[in-house]
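Participant: sequence below, structure please.
(4 chains)
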Protein chains: 2
Amino acid sequence: MKQETRKNEIINVAAKLFKEKGYSAVTMRDIATSMGIKAASLYNHISSKQEILKEIIIALAEEFTEGIEQIKASEKSSIDKLKEIVTLHISITSKNTFGMASLNNDWMHLEEQLDYYLGLRAGYEESFRSILVNGIKNNEIANKNPEIMMFSMLSTLRSLYIWIPKKEAVSIKKLSAQLSDVLIHGINK
Amino acid sequence: MKQETRKNEIINVAAKLFKEKGYSAVTMRDIATSMGIKAASLYNHISSKQEILKEIIIALAEEFTEGIEQIKASEKSSIDKLKEIVTLHISITSKNTFGMASLNNDWMHLEEQLDYYLGLRAGYEESFRSILVNGIKNNEIANKNPEIMMFSMLSTLRSLYIWIPKKEAVSIKKLSAQLSDVLIHGINK
DNA sequence: ATATGAAACTAACACTTGTTAGTTTGGTTT
DNA sequence: AAACCAAACTAACAAGTGTTAGTTTCATAT
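Facilitator: Numbers count the residues shown, from 1 in each chain, chains lettered A, B, ... in the order given. Next comes the predicted model:
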């Protein structure tokens, strides 16, 4: 099922270009040229430029949603749940840094699926928030403004797509441990 | 000097639109319509679409560069310097959340000034890094990977433009203190 | 009254955009 | 050999793009 179809090739090439210039600045001719074919030929495999964006973003958004639902439902401590979230982001991002750029920067160009996407995102943030708030209640997490904690962690995790490709083959495990440490314990001595 | 010229109005309106859809997706006709005039009339005040982007981004980038140079040269502790950086970002961002979106997302569409911008950004990051590394040397800052610490802090600070407008008139002072606390001491109990 | 100048306008341009229609190619199956 | 099919092609379209040229408007200064 997870075979490399021609359609998937197009989506991957497009995602790479979208990361460099953004969805709007990439033309169908750009994508075609990158594949060594003509723009019209793309339409044998995909129905529109929109569809390419949708395929990139929705798949990733659903992956995040499933991931956090599972973490939320698990029997771990709040801190361990947050560590799992860090691992989730690092894992998904390192498998698809190009797509993550679109997820972060081009979601507003979704049309049909914009509301669906926004719903997934709101749900994700709600789960994240509930993990934090529970942790505060249990005295596992510092009693600081949860919005600020969430904003700080999520900003960092959402920027991983910029940062991961610059590092030479970081081990997911090691990066995850180091980043969790910084996010959880801060930077002070 | 800092008068509200027609040119500045255009730049501000454009920045707002750029934040919503990105530079490439905004047309000169969009900008004109938002001002209640025709696209051709814009050219009485600006020379090109490019120029609008340049004015938005370069002014902000230079503001950050000046800010961090001053912090770096000051006589404060490393931790206090980092707190000042947090305040710098919050201060600049809350004055111009629209422009900050372009700085973060549309810099790659600079043409003439792309190299200049990249130089400013590299210099900024170098200053940030040196403050961190110095702090580690002085035993003021934890001996963790400075790249990861910088990445985490900068990611959060660079995302402020998304977050600040959602909060109802936060005091810069208060937000700065809370965010510094989270970034420096983390979230654990 | 006349001239000035900022700031709007109309009309048009050359080019690029996403997309469609119909056709050709070349390997695989019948 | 004939039929099939995925995947490429050429040619064209209607709409939208940034931008230019030349003109009009109208308040202010002479």
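
Participant: can you tell me the centre-most residue of chain A?
Facilitator: The centroid of chain A falls nearest to residue A:100 when counting by Cα atoms, centre = their mean (4.7 Å).

Participant: quick one: low-confidence parts of chain A?
Facilitator: In the predicted model, chain A carries pLDDT under 70 at residues A:1-4.

Participant: interface residues of it facing DNA strand C?
Facilitator: Selection of chain A residues close to DNA strand C by Cβ under 7 Å from any atom of the strand yields A:26, A:27, A:28, A:29, A:39, A:40, A:43, A:47, A:48, A:49, A:50. Any C-beta I mention is one placed from the backbone N, CA and C, and that applies to glycine too.

Participant: 10 Å instead, please
Facilitator: Residues of chain A lying close to DNA strand C (Cβ under 10 Å from any atom of the strand) are A:23-32, A:38-44, A:46-52, A:111.

Participant: and those residues, which are buried?
Facilitator: A:23-26, A:28, A:30-32, A:42, A:46, A:49, A:51-52 (16 or more other Cβ atoms under 10 Å in any protein chain shown).

Participant: for residue A:179, state which of those residues is nearest.
Facilitator: Set against residue A:179, the nearest of those by Cβ to Cβ is residue A:23 (28.2 Å).

Participant: I figured that closest one was touching residue A:107, is that so?
Facilitator: No: judged on Cβ atoms under 8 Å, residue A:23 makes no contact with residue A:107 at a distance of 9.4 Å.

Participant: so what's residue A:79 up against?
Facilitator: Neighbouring residues of residue A:79 by Cβ atoms under 8 Å, 6 or more residues apart in numbering or on different chains: A:135, A:140, A:141, A:184, B:188.

Participant: can you point out the buried residues in the host helix or strand of it?
Facilitator: Element membership of residue A:79, judged by DSSP states H and E, is helix A:78-95. Buried residues in helix A:78-95, defined by neighbour count with 16+ other Cβ under 10 Å: A:78-79, A:81-90, A:92-94.

Participant: next secondary structure after it?
Facilitator: Following helix A:78-95 in sequence order, the next helix or strand is helix A:97-105 (DSSP H and E).

Participant: helices or strands up against the first helix or strand past that next one going along the chain?
Facilitator: Remark: after helix A:97-105, the chain's next helix or strand is helix A:114-137, criterion DSSP H and E. If you count contacts as 3 or more Cβ pairs under 8 Å, 6 or more residues apart in numbering or on different chains; DSSP states H and E, helix A:114-137 packs onto helix A:49-73, helix A:78-95, helix A:146-158.

Participant: got the contact list for the first one?
Facilitator: It stands for helix A:49-73. Residues outside helix A:49-73 that contact it (Cβ under 8 Å, 6+ apart): A:10-11, A:14-15, A:18, A:23, A:28, A:31, A:46, A:81, A:84-85, A:88-89, A:92, A:96, A:99-100, A:102-103, A:106-107, A:109-113, A:116-117, A:120-121, A:123-124, A:127-128, A:130-131.

Participant: swap the cut-off to 6 Å and go again
Facilitator: Residues outside helix A:49-73 that contact it (Cβ atoms under 6 Å, 6 or more residues apart in numbering or on different chains): A:11, A:14-15, A:23, A:28, A:46, A:81, A:84, A:88, A:92, A:99, A:102-103, A:107, A:113, A:117, A:120, A:124, A:127.

Participant: what do you get for stretch A:114-134?
Facilitator: For stretch A:114-134, the external contacting residues (Cβ under 6 Å, 6+ apart) are A:61, A:64, A:65, A:68, A:72, A:78, A:81, A:107, A:110, A:146, A:149, A:150.
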